[in-house]
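The sequence isn't on hand, but the structure is:
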């Protein structure tokens, strides 16, 4: 997906544009994502943190501790509750943006499953993507993303 790309919450109170190129995209199966999304996993695109520009509204922020033990935050619409962004001190080089809130969510496709030690067995995941039981090194995700864009080296 080329930059800029845009999206927003369910009720339209929050709109944003992203002016940075994605770093990678993943399906996250950690318990925090499962609970925050009320789903077996979350589809996330990782973007440079300063690349997201709010064009309408201001998200609410909730601080918590991730499965890794790191402090993280989740940002959501205070009116409709749509989860929009997340991030934390452990990975200051990116902010996670929820793929499904994009105006064109089909334009970004995850390259791996992370935190699969929490994969729910009935959530049939049979897409052939690499799986990581915990959080892999960012270099590995960036390599997978690059291969998706450019083809294998």
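Thanks, I have the structure now. For clarity, every value in this text was computed on a predicted model and none was experimentally measured.

Could I get the buried residue list for the longest helix seen in the chain?
The longest helix of the chain (DSSP state H) is helix 138-150. By neighbour count, with 16 or more other C-beta atoms under 10 Å as the criterion, the buried positions of helix 138-150 are 141, 142, 144, 145. Glycine gets a C-beta too; all of them are placed from N, C-alpha and C.

tell me the average confidence for it?
Per-residue pLDDT values over helix 138-150 give a mean of 84.

Turn the buried residues of helix 138-150 into JSON lines, including distance to residue 134.
Supplementary listing: the buried residues of helix 138-150 in JSON lines, determined by distance: C-beta to C-beta, whole Å:
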{"residue": "141", "distance to residue 134": "13"}
{"residue": "142", "distance to residue 134": "17"}
{"residue": "144", "distance to residue 134": "16"}
{"residue": "145", "distance to residue 134": "19"}
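
of all those, which two lie farthest apart?
Farthest pair in the buried residues of helix 138-150 (C-beta to C-beta) is 142 and 144. Separation: 7.4 Å.

between the two, what contacts are shared?
Applying C-beta atoms under 8 Å, 6 or more residues apart in numbering, one finds that residue 142 and residue 144 are jointly contacted by residue 24.

Residue 45: which of the buried residues of helix 138-150 is nearest?
Proximity of these to residue 45 was ranked by C-beta to C-beta; the top entry is residue 145 with 9.6 Å.

what sits against the closest one?
22, 23, 24, 25, 111.

so residue 27 sits right up against residue 42, yeah?
Yes: the criterion here is C-beta atoms under 8 Å, and residue 27 meets it with residue 42 at 7.1 Å.

I am finished for the moment; much appreciated.
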